[in-house]
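J.: mind looking at a prediction? Sequence and model below.
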Amino acid sequence: MIQLEEALALVGKFPIRTGTLRVPLKGALGRVLAEAIYADRDVPPFTRATMDGYACRQEDLPGPLTVLESVPAGRMPTRKVGKGQCSKIMTGALVPEGANCVIMQEYVETGSDDKIVFTASETDKNIDPRGQDLKKGDILLPMGTILNPGHLGIISSTGKLHVEVARQLLIGILATGSELIEASEIPKGAQIRNSNSHQLAGQVRRAGHIPKNLGIVEDHTETLAERISDAMEQLDLLILTGGASVGELDLVPRVLEQLAYHLEFQRVAVQPGKPVTFAHRSGDICFGLSGNPVSSFVQFEVLVRPYLEICTRAIPVNKRIRISFEEEYRRHRADRQFFLPVRFTAMGTCEPVKYHGSGHLHALSDAIGFAEIPAGQSVIEKGDKLNVRLI
């Protein structure tokens, strides 16, 4: 059994290089940027007003000031502001030449002779100078950015409507277990519905890649070997769920070895999710995850997702927060790092959800993340701060 950090280092040695392609900006959400984005001009591109009011010379206040013109956003001023003068201006409009401040319209009295008087005792400049935020050529988004809606707005502000992104991986999901039936079927006897494939497909999509549901394979050595071989001819990566432990019918590690895959590890010191296999053969990559749904969920988030980020050269998004525990929590064994499903409380803390173990799929319905309890720590006191990995 190895530590999670060791497992991450091992999988990182065998990345799938995805290559890149150019896509329309409207289809780039969630993709990994394969080029840097630079400012194509200063931001703001001109000195602009940050308030509705009057652009004037601050040294002329409180006035009276003669109003020369009205300058809405998007229109060029036609008059230079001189001594004793001002221009009515809207938020975002270009500040006319000669003006060095904008007084808010709430602090202005207007006369009948196109003159105004400033009624407050002092004012801020209320002006953003050209290039205050960015200079032309400044980097806006580095290569490796996982694009969110805000990033799409930033890219479009540079005039780009197509971007270079990492190619998405086609990831197969094959559920193993003679007890499994498809989700659409009615279980009989000891049968259970296959929920893992749908859960993992959602996680693959959320990670920015393309899932392919390969269905179910029974616990039969030859059949499993055939399905794995067939799958790898059309996939970038294969995720197997179930059959990853050491029982008589846990066939995945043995079959992978029979197919000449090299197994880097079969157990990682995490709870839930200790039985997990990473195997490779001449560029083919397989992850063997647990059949227990909470375990496979955790294994994907802490091991498979980081691997996919390595493959696409993505800059990982920090999804951890530091938060206080609302109540005392104790666990019987502390030999592994524990990922405990938790939820937020009204007090701004977190607390465990009702959780009966790695097979308790419905615990995820109320969870906002997993509290990371280090190996060796069996007691969490009320008020203790822990890292919570948001999901």
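T.: Thanks, I have it.

J.: let me see the confidence value for the residue lying farthest from the centre of the chain.
T.: Farthest-out residue of the chain from its mean C-alpha position, per CA atoms, centre = their mean: residue 113, at 57.6 Å. For residue 113, the model assigns a pLDDT of 80.

J.: next: the one 4 residues further on.
T.: We note a pLDDT of 91 for residue 117 in this prediction.

J.: what about the nearest residue to residue 74 once chain neighbours are set aside, distance to residue 191?
T.: Excluding the flanking residues, the one nearest residue 74 by CB to CB, 6 or more residues apart in numbering is residue 93, at 7.5 Å. C-beta here means a position set from N, CA and C on the backbone, and glycine is covered the same way. Here residue 93 is placed at a distance of 69 Å from residue 191 (CB to CB, to the nearest Å).

J.: just want to know which of these two has more residues nearby.
T.: residue 93 (23 against 14; other CB atoms under 10 Å).

J.: please verify my assumption that that one contacts residue 73.
T.: Yes: using CB atoms under 8 Å, residue 93 makes contact with residue 73 at a distance of 4.6 Å.

J.: where do the helices sit along the chain?
T.: For the chain, the helices defined by DSSP state H occupy 4-11, 149-156, 196-206, 221-232, 252-258, 293-299, 305-311.

J.: most neighbours per residue, which of the ones you listed?
T.: Per-stretch averages of neighbours, counted by mean count of other CB atoms under 10 Å, single out helix 293-299 among the helices of the chain, with a mean of 26.

J.: re earlier: how about the helices of the chain, which one is nearest residue 139?
T.: In terms of CB to CB, the element of these nearest to residue 139 is helix 149-156, at 11.0 Å.

J.: run through who's touching the closest one.
T.: Residues from elsewhere that reach helix 149-156, judged by CB atoms under 8 Å, 6 or more residues apart in numbering: 25, 28, 29, 33, 37, 140, 141, 145, 147, 163.

J.: of the residues you listed, buried ones?
T.: Applying 16 or more other CB atoms under 10 Å to the contacts of helix 149-156, the neighbour count classes 25, 28, 33, 37, 140, 141, 145, 147, 163 as buried.

J.: in strands, which of the residues you listed appear?
T.: 37, 140, 141, 163 (DSSP state E).

J.: show me which pair in those residues is furthest apart.
T.: Maximum pairwise distance among those (CB to CB): 11.7 Å, between 140 and 163.

J.: tell me, what's touching those two both at once?
T.: The contact sets of residue 140 and residue 163 overlap at 37, 155 (CB under 8 Å, 6+ apart).

J.: quick one: residue 287 from residue 279, how far?
T.: Going from residue 287 to residue 279 by CB to CB gives 8 Å.

J.: and for residue 377?
T.: The gap separating residue 377 from residue 279 is 32 Å, by CB to CB.

J.: in terms of neighbours, single out the busier of those two.
T.: Each of residue 377 and residue 279 has its neighbours counted (other CB under 10 Å); residue 279 has more, 26 against 13.

J.: got the phi/psi numbers for residue 335?
T.: Main-chain dihedrals, residue 335, degrees, to the nearest 10: phi -80, psi -10.

J.: for the residue nearest to it when sequence neighbours are not counted, give me its contacts.
T.: Ranked by CB to CB, 6+ apart and with sequence neighbours excluded, the top spatial neighbour of residue 335 is residue 375, at 6.3 Å. Residue 375 sits next to 269, 334, 335, 336, 337, 338 when contact means CB under 8 Å, 6+ apart.

J.: 7 Å instead?
T.: Contacts of residue 375 were listed using CB atoms under 7 Å, 6 or more residues apart in numbering, and they are 269, 334, 335, 336, 337.

J.: buried ones only from the residues you listed, please, as a ChimeraX command.
T.: Of those, the buried ones go into a single ChimeraX selection, burial set by 16+ other CB under 10 Å:
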select :269,334,336,337
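
J.: reformat the contacts of residue 375 as CSV; add pLDDT and distance to residue 369.
T.: Shown next, in CSV, are the contacts of residue 375 (pLDDT from 0 to 100; distance: CB to CB, whole Å):
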residue, pLDDT, distance to residue 369
269, 95, 20
334, 91, 20
335, 92, 23
336, 94, 18
337, 95, 15
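
J.: next, format the contacts of residue 375 as JSON lines and append distance to residue 198.
T.: Output for the contacts of residue 375, formatted as JSON lines (distance: CB to CB, whole Å):
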{"residue": "269", "distance to residue 198": "28"}
{"residue": "334", "distance to residue 198": "33"}
{"residue": "335", "distance to residue 198": "32"}
{"residue": "336", "distance to residue 198": "27"}
{"residue": "337", "distance to residue 198": "27"}
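
J.: tell me which two of the contacts of helix 149-156 sit farthest apart.
T.: It's 29 and 140 that sit farthest apart of these, by CB to CB, at 16.9 Å.

J.: please name the nearest non-neighbouring residue to residue 148.
T.: Using CB to CB, 6+ apart and skipping residues adjacent in sequence, the residue nearest residue 148 is residue 29, 7.3 Å away.
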